[in-house]
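1. just coords:
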C-alpha cells in the first residue's frame, strides 16, 4: 500500500498536471487569437491600399462592410475555438480530479462521463461576448479611418497609422487583450464546472469536500478565500457572494472575469495530506500565457 507521502505526491501531481494543462490550453487560445487578428490586419490593409485620395460616404460604407466581415470572421472562428477548448478542459478536470482522489487511496469506483450541457450553455454566452468585442473594434477602426482620411492621410499613411501590425495597432492590441481575458475566464469556467460535476459524483461515494485554492493574483477577496472548505453541494462565499466554483457564471463580473483560482477535492479523513496542496500553488501564478502580439 502506498505510504502517506506517496499518496500526497500522487494527489499534488494530479492537481499540478491539471492546472498546467489548463494553462497550456489558455496559451494556445491566445496564440489562435493572435493568428486570427493577423488575418484581420491583412484584410484591412488590403482594403486600405485601394482607398481613394479623398473620403467618400460610398467608400466609407464599403470599408465598413469589409471591417464587419473581417472582424466577424475573427469572432466566428475564435468563438468556436474557445468553446471547444472549454469543453476539453472540463473533461480534463473531471479526469484529473478523479485521479487526485484515487491517488489519496480513496475508492470512488467507476464514474460516468460528465455531461457537457452546462458547459455548452455557458459557451453560448462566450460566443456573444466575442461577437460584441469584435463589433466594437470594427466600429472603432471605421471611425479612425474616417477621421484620418478627412485629415488628409494617404492610403499608405492609413495603414501605418491604423493597422501596421497586431502589435502596432492600438485597436487590434485591445482586441488581443480582450481575447486573452475571454480565454482565461471561459477556460477556467469550463475547467471548474467540469471539476464541480466530477466532485458531485465522487461525493456520493466517498467523504470529500471542496476547497478554494487562490491564484494569488488580482483580487484580495479571492486570496482571502484561499483554503475555504465547504461541502461539495454548497457554495463558497467569496466577497459576500455565493459561488459554487471559481469563475462560476452565476457570479458577478468582478468575481468571475479573469479569475484563475481553482476548487480542489478536500478529504477530511486525510486532512494533513490534502493540506499539502499548498505546494501546487506556484502553478497557478505561472500558468498565465506569455503570448503577446507580434
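-> Okay, I see it. In this text the structure is predicted, and so the values were computed from the model without any measurement.

2. Identify the residues contacting residue 95.
-> By C-beta atoms under 8 Å, 6 or more residues apart in numbering, the contact list for residue 95 reads residue 198. The way it works is simple: take the backbone N, C-alpha and C, and place the C-beta from them, glycine included.

3. so how far is residue 73 from it?
-> Using C-beta to C-beta, to the nearest Å, residue 95 is found at 34 Å from residue 73.

4. now the helices for the stretch 101-250 of the chain?
-> Per DSSP state H, counting those that start in this stretch, the stretch 101-250 of the chain carries helices over the ranges 117-150, 155-162, 170-203, 220-224.

5. between those helices, which gets nearest to residue 46?
-> With C-beta to C-beta as the measure, helix 155-162 is the member of those nearest residue 46 (9.5 Å).

6. which ones are touching residue 92?
-> By C-beta under 8 Å, 6+ apart, the contact list for residue 92 reads 18, 21, 22, 191, 194.

7. Which secondary structure element is home to it?
-> Residue 92 belongs to helix 57-103 when assigned by DSSP states H and E.

8. likewise residue 14?
-> Counting by DSSP H and E, residue 14 is found in helix 4-49.

9. helices or strands next to that helix in the packing?
-> Helix 4-49 is packed against helix 57-103, helix 155-162, helix 170-203, strand 262-266, helix 271-275, helix 281-286, with contacts defined by 3 or more C-beta pairs under 8 Å, 6 or more residues apart in numbering; DSSP states H and E.

10. before we move on, back to that, right, and the pair among the contacts of residue 92 with maximum separation?
-> Most distant of the contacts of residue 92, by C-beta to C-beta, are 21 and 194, 11.9 Å apart.

11. Touching both of these two, which residues are there?
-> The contact lists of residue 21 and residue 194 share 89, 92, where a contact means C-beta under 8 Å, 6+ apart.

12. Just want to know which of those two has more residues nearby.
-> Higher neighbour count among residue 21 and residue 194: residue 194, with 29 against 17, using other C-beta atoms under 10 Å.

13. Contact partners for the closest residue to that one other than its chain neighbours?
-> Leaving aside its sequence neighbours, residue 194 sits nearest to residue 90 (C-beta to C-beta, 6 or more residues apart in numbering; 3.0 Å). The contact partners of residue 90, by C-beta under 8 Å, 6+ apart, come to 114, 116, 119, 190, 191, 193, 194, 197.

14. Any figure for the gap between residue 90 and residue 106?
-> Residue 90 sits 22 Å away from residue 106 when distances are taken as C-beta to C-beta.

15. ok, now residue 14?
-> 12 Å.

16. Check residue 209 too.
-> 12 Å.

17. so what sits against both of those two?
-> Joint contacts of residue 209 and residue 106 (C-beta under 8 Å, 6+ apart) are residue 267.

18. shaky segments in this structure?
-> 216, 270-294 (pLDDT under 70).

19. do that again at 50, thanks
-> The chain contains residues with pLDDT under 50 at 278-294.

20. in it, which residue is closest to the centre?
-> Taking C-alpha atoms, centre = their mean, the centroid of the chain lies closest to residue 184, which sits 2.2 Å from it.

21. Pretty sure residue 232 sits against residue 206.
-> No - with contact defined as C-beta atoms under 8 Å, residue 232 does not reach residue 206; the gap is 10.4 Å.

22. Identify the contacts common to the two.
-> With C-beta under 8 Å, 6+ apart, residue 232 and residue 206 have no common neighbours.

23. which of these two has more neighbours?
-> When neighbours are counted by other C-beta under 10 Å, residue 232 and residue 206 differ, and residue 232 comes out ahead with 20 against 16.

24. List the residues that contact that one.
-> Each residue near residue 232 by C-beta under 8 Å, 6+ apart is listed here: 196, 199, 200, 202, 203, 208, 209, 210.
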